[in-house]
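**Student:** predicted structure and sequence below. I'll ask about it afterward.
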Amino acid sequence: MNNFFVGLQFLTSLKIVKQTEWSLESFGKSVKYFPLIGAVLGIIMASFYFIAIKYLPLAHIYLSHNFLAILLFALSIILTGALHCDGFMDTADGVFSGRSKDRMLEIMKDSCVGSNAVVAFFILSILKIALFMEIPSDKLLLALFAAPILSRFNMVIAITKFPYARPDGMGKAFAEYSGATTFYIALLFTMLLIIPLGKMGISAFIISCLGGLFFCNYFSKILGGLTGDTYGAITELCEVIVLCCFLIIS
């Protein structure tokens, strides 16, 4: 379970244990638990929404569904410490710069935020909030639970099935130390969590994996591999895909 908490501490702002320093091997071994970490986030998100609409009458009266959608988006950022959003923005800055592969990687590593990142994050924010608004309440509960699980599983695919573009970095530790069985263990966790959701969950699983593979191939082709930033971008993009699936199917 120690490796689970390593992943939880890294991927979220939830600090369950006091330890703050971990070995690179521990980071790699935590990858198999990413879908479970997604489930923790999904339970918190779905519980927040369920309590807001069912057990807080005043919130239901005075807070519109649109405002709740904004709160859900804000909560998702708070729970992850904006980790994946940061990766998404860095990826947008690099990929849309139109430069060479090496220059793209340099731009992504730069701490400065460019216009591409700002525009991309604005579009992502509006899209997520709009999806939270449009998905019917009963289906939104399922979507809030499923999206973090499936997006983190797609991160596992990115880590275990695609080469790493940099010679070093935190993402390198995930790729090097994750182990041969990581993908299959993560797949098992994902299926155990998603199958009970029925056809809607299974459909979202299939479509999100296809979308995740597309983005993995796309980023890998233009960057010569994936990076920690692209892991975050793939996570954010796959969450949007899952939410779109629940909206369309509902």
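**Tutor:** That came in fine, so what should we check first?
**Student:** what residues are up against Ser250?
**Tutor:** Ile135, Pro136, Lys139, Met200 (C-beta atoms under 8 Å, 6 or more residues apart in numbering). From N, CA and C alone the C-beta is placed, and that goes for glycine too.
**Student:** hmm, 10 Å instead?
**Tutor:** Contacts for Ser250 were tallied using C-beta atoms under 10 Å, 6 or more residues apart in numbering; they are Glu134, Ile135, Pro136, Asp138, Lys139, Leu140, Leu142, Ala143, Met200.
**Student:** is it correct that the fourth one falls within a helix?
**Tutor:** In this case it means Asp138. Yes - assessed by DSSP: H, G, I helix; E, B strand; the rest coil, Asp138 belongs to a helix.
**Student:** neighbours around it, how many?
**Tutor:** 8 (other C-beta atoms under 10 Å).
**Student:** now do the contacts for it.
**Tutor:** Asp138 sits in contact with Ser250, where contact means C-beta under 10 Å, 6+ apart.
**Student:** verify the stated contact: Ala39 with Arg152.
**Tutor:** Yes - if you go by C-beta atoms under 10 Å, Ala39 and Arg152 touch, sitting 8.7 Å apart.
**Student:** those two: which has the busier surroundings?
**Tutor:** Neighbour comparison, Ala39 and Arg152: the larger count goes to Arg152, with 29 against 21 (by other C-beta under 10 Å).
**Student:** now the contacts of Ser250: which count as buried?
**Tutor:** Neighbour-count burial (16 or more other C-beta atoms under 10 Å) applied to these gives Ile135, Leu140, Leu142, Ala143, Met200.
**Student:** name the SS class of Ile16, please.
**Tutor:** Per three-state DSSP, Ile16 ends up coil.
**Student:** pLDDT wise, what is it at?
**Tutor:** pLDDT recorded at Ile16 is 77.
**Student:** name the nearest residue to it, ignoring sequence neighbours.
**Tutor:** Excluding the flanking residues, the one nearest Ile16 by C-beta to C-beta, 6 or more residues apart in numbering is Phe5, at 5.8 Å.
**Student:** how about the contacts made by the one you found?
**Tutor:** Going by C-beta under 10 Å, 6+ apart, the list of residues near Phe5 reads Leu14, Lys15, Ile16, Val17, Gln19, Trp22, Ser26, Ser30, Tyr33, Ile37.
**Student:** how much space separates the spatially closest residue to the first one that is not a sequence neighbour from Leu36?
**Tutor:** By that I understand Leu14. Closest residue to Leu14 apart from its sequence neighbours, by C-beta to C-beta, 6+ apart: Leu8 at 5.9 Å. Going from Leu8 to Leu36 by C-beta to C-beta, to the nearest Å gives 9 Å.
**Student:** one more: Glu25?
**Tutor:** Distance from Glu25 to Leu36, by C-beta to C-beta: 19 Å.
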